[in-house]
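> Whatever this is, show me its structure:
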Amino acid sequence: MKWVYKIVVLFFCFGLFVFCKGREEANETKSEVFPGEQTSQGIRISKEQLNSRNMTIGKLDTITVREVVTTQGYVDVPPEGRALVSAPMPGFVKSAPYIVGERVKKGQQLLTLENPEFVTLQQTYLEALAQQEYLKSEYEREKTLFEERVSSRKNLLKAESDYRKNRAAIIGLKAQLELLKVNVNQLESDSIRSYLKLYAPITGSITRVMVNRGMYTPPNEPLLELVNTDHLHLELGVYEQDAQKVQPRQKLQFYQPENPGELFEGEVFKVGDQVQAENRTVLVHGHIPDSLVRSFPVGSYIQAQIILDEKRVAALPEAAFLREGQDTYALEVTQLPDGDYLLKKVALQTGAVQSGYIPIYTENTEILKSQFLTRGVFWFKSEAE
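Here you go, the predicted model:
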């Protein structure tokens, strides 16, 4: 029985040792987490404790708080900055020397088409032009004979009809040739050509080529697309519940999703008045500086923030706050006569985090003048809770 008694005593002593050791480690851990002394007025901490744990005391900073509408869209050009090149009459492509990406100037030749109908059109114009002088003189002769009662009214009307019909044909043919960029003043019987030249309507870059040599092109079919990127704008979609807050001349910031740290400035130019049924958004047109036109290819996807309002408010670093449920606190610091510090938990009304700072909304001037623990608040997290 003695050996049983010895074993029981041995286990009892071992258990007592483990229990005491655990309490000792717990006390050490607690003192490591909570360096100060809890009092009725707050937490008292010495200067040595403050410095040994790299705590920092500071006053409130001032930051700019913005009320924004977040949106997204793409970079585009105004309607006059985009043009399609087509031919008013059919033909076969004789030459198409340009490729996508090449820059051309307004009036520069882009394509050459061949079509026998183009020859016939010029020939018909020259024939009508050659007949016009004869028909005019014939009309004037019949008019004189009618006035002298030598010729009948029927002959006069016939001559006048032929003259006026031919003149109308000349006017119509001339308009068609000018539409085809033919200088009718220089057109003569020995200068008729079988090919049609197409010219650039605007200065810009070629973004699409839809033809190749020898291809037949129907009339008014798009053959090339040109885009002038000298002026760019933003096409943004704002949800209908936010659209009423957006007004022209408001500033905006935008960026490409793959590089959110690089922000660019712009301005709201126009707000649409129709909600898009497919996504319940309103189209917002934004202007960007001309200096940025080389930074964004047309069609680039961007994200943006439209700045509705901005103001300067007091703030503390995000690390200076303690949270208990829905409430937010900071530790107000007061230096005591003996050099120690008294930390007092103060409830604050705060806003959303902005660039690592949290804005504080208060009319209490004493709070605005106070000092707070801005680094090392986590040491007191368990005590604050």
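> Please make it C-alpha for all contacts and neighbour counts, starting now.
Noted.
> And the contacts of stretch 282-300?
74-77, 229-240, 243, 265-276 (CA atoms under 8 Å, 6 or more residues apart in numbering).
> Could I get the average pLDDT for that stretch?
Averaged over stretch 282-300, pLDDT sits at 87.
> Can you give me the buried ones in it?
282-288, 293, 296, 298 (16 or more other CA atoms under 10 Å).
> Can you identify the element that follows the worst-scoring helix or strand of the chain on mean pLDDT toward the C-terminus?
Least confident helix or strand, the chain: helix 2-33 with a mean of 46, by mean pLDDT, DSSP states H and E. On the C-terminal side of helix 2-33, the closest following helix or strand by DSSP states H and E is strand 37-38.
> what packs against that following strand?
strand 43-45 (3 or more CA pairs under 8 Å, 6 or more residues apart in numbering; DSSP states H and E).
> can you pull the buried residues of the strand it packs on?
Buried residues in strand 43-45 (16+ other CA under 10 Å): 43-45.
> neighbouring strands for whichever strand or helix holds Val268, and are they parallel or not?
According to DSSP H and E, Val268 maps onto strand 264-276. Partners of strand 264-276 in the sheet, by DSSP bridges, are strand 251-255 (antiparallel), strand 281-287 (antiparallel).
> out of these, nearest to Pro97?
Nearest to Pro97, of all the strands paired with strand 264-276, is strand 281-287, at 34.8 Å by CA to CA.
> Please tabulate the strands paired with strand 264-276 in CSV, including the columns distance to Thr70.
Converted to CSV, the strands paired with strand 264-276 look like this (distance: least, CA to CA, whole Å):
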stretch, distance to Thr70
strand 251-255, 10
strand 281-287, 12
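> Those strands: which one's closest to Glu117?
strand 281-287 (45.4 Å).
> Beyond the closest one, next helix or strand please.
strand 301-317.
> residues of that following strand that come out buried?
301-307, 313-317.
> now swap in stretch 262-274 and tell me
266-269, 271.
> ditto for stretch 331-343
Here stretch 331-343 shows 331-334, 340-343 as buried, counting by 16+ other CA under 10 Å.
> Next step: these restricted to helices.
With helices defined by DSSP state H, no entry of those lies inside them.
> now the residues you listed as a markdown table including pLDDT and distance to Asn166?
Shown next, in a markdown table, are those (pLDDT from 0 to 100; distance: CA to CA, whole Å):
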| residue | pLDDT | distance to Asn166 |
| --- | --- | --- |
| Leu331 | 88 | 98 |
| Glu332 | 89 | 99 |
| Val333 | 89 | 101 |
| Thr334 | 88 | 104 |
| Asp340 | 87 | 110 |
| Tyr341 | 87 | 107 |
| Leu342 | 87 | 106 |
| Leu343 | 87 | 103 |
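> Which members of those residues are the farthest-apart pair?
Leu331 and Asp340 (14.8 Å).
> excluding its backbone neighbours, what's nearest Phe92?
Nearest residue to Phe92 in three dimensions, chain neighbours excluded: Tyr216, at 4.4 Å (CA to CA, 6 or more residues apart in numbering).
> And for the one you found, the neighbour number?
16 (other CA atoms under 10 Å).
> In contact with it, which residues?
So Tyr216 contacts 90-93 (CA under 8 Å, 6+ apart).
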